[in-house]
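In: Dropping a prediction and its sequence here:
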Amino acid sequence: LTSTIGVLKRLSVRNGNRSIPLIGPVFDYLPWYANLTDLSSSRPPAIESPLKHITPPRIPRYHVVTYASHHGSDERFCMALESAARQGVALTILGWGVPWRGLFQKLGAAMDLAASLPPDDVILFVDAFDVLFTNASSQIPSKFEGLGADIVFGAECGCWPQIMRDEGRDCFERYPPSP
């Protein structure tokens, strides 16, 4: 460090011009060099950057989330996890190991997660047992933004578990058809 500063001093004095590229700015931002006698024991003061007060715009993050308290009775959960891994989707699993008491747990966990995130982040909440990821995670933002909506719900043709009662009449008579 001593020899570097010495070379910089000689060049700036010899040329008599403090604006030589890479030399003038060094002396402009390091005015402490002239007062130092022992460089090995002295530390330069912190230099305040004029850029420190500029805050870059925040880019919303996308969170892919599901709720599963257990692995299920067949391979569907594992298939969902495998498809997420193959497509590079970082899947967050809420509720793992929590005793299953009903579907309301999904909503409560999703609302708690949403409350903990910045308001402009986006949550893609998927079912843990009947969703497969077929596109790369990098495509999720553009697909969502292409819909032009703040919130999107997916629909199923069947409404579980009501489809199991009355041969499904309850579903087909009370719920609108799925597109």
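Out: Perfect, I can see it now.
In: Now do the strands in the chain.
Out: 62-67, 91-94, 122-126 (DSSP state E).
In: Next, the angle strand 122-126 makes with the first one.
Out: Between the axes of strand 62-67 and strand 122-126, defined by axes from the mean of the first three to the mean of the last three Cα atoms, to 10 degrees, the angle is 30 degrees.
In: quick one on the thing from earlier: quick check: which of the strands of the chain is nearest to Gly148?
Out: Gly148 lies closest, by Cβ to Cβ, to one member of the strands of the chain: strand 122-126, at 13.5 Å. Any C-beta I mention is one placed from the backbone N, CA and C, and that applies to glycine too.
In: Residues contacting that closest one, please?
Out: Strand 122-126 is contacted from outside by 60-67, 80, 106, 110, 113-114, 117, 140-141, 144, using Cβ atoms under 8 Å, 6 or more residues apart in numbering.
In: What average pLDDT does it get?
Out: The average pLDDT for strand 122-126 rounds to 93.
In: before we move on, what about stretch 70-82?
Out: 90.
In: Below-threshold pLDDT in the protein: ranges please.
Out: 1-52, 155-163, 176-179 (pLDDT under 70).
In: so Trp96 makes contact with Thr66?
Out: No: Trp96 is beyond contact range of Thr66, at 9.9 Å (criterion: Cβ atoms under 8 Å).
In: between those two, which one's more packed in?
Out: Taking neighbours as other Cβ atoms under 10 Å, Trp96 and Thr66 compare with Thr66 leading, 24 against 12.
In: quick one: the more buried one and Gly146, what's the gap?
Out: As for Thr66, its distance to Gly146 is 23 Å (criterion: Cβ to Cβ, to the nearest Å).
In: before we move on, the earlier item: quickly compare the strands of the chain and say which is most buried.
Out: The highest mean neighbour count among the strands of the chain, using mean count of other Cβ atoms under 10 Å, belongs to strand 62-67: a mean of 20.
In: packing partners for that strand?
Out: Judged by 3 or more Cβ pairs under 8 Å, 6 or more residues apart in numbering; DSSP states H and E, strand 62-67 is in contact with strand 91-94, helix 104-116, strand 122-126, helix 140-147.
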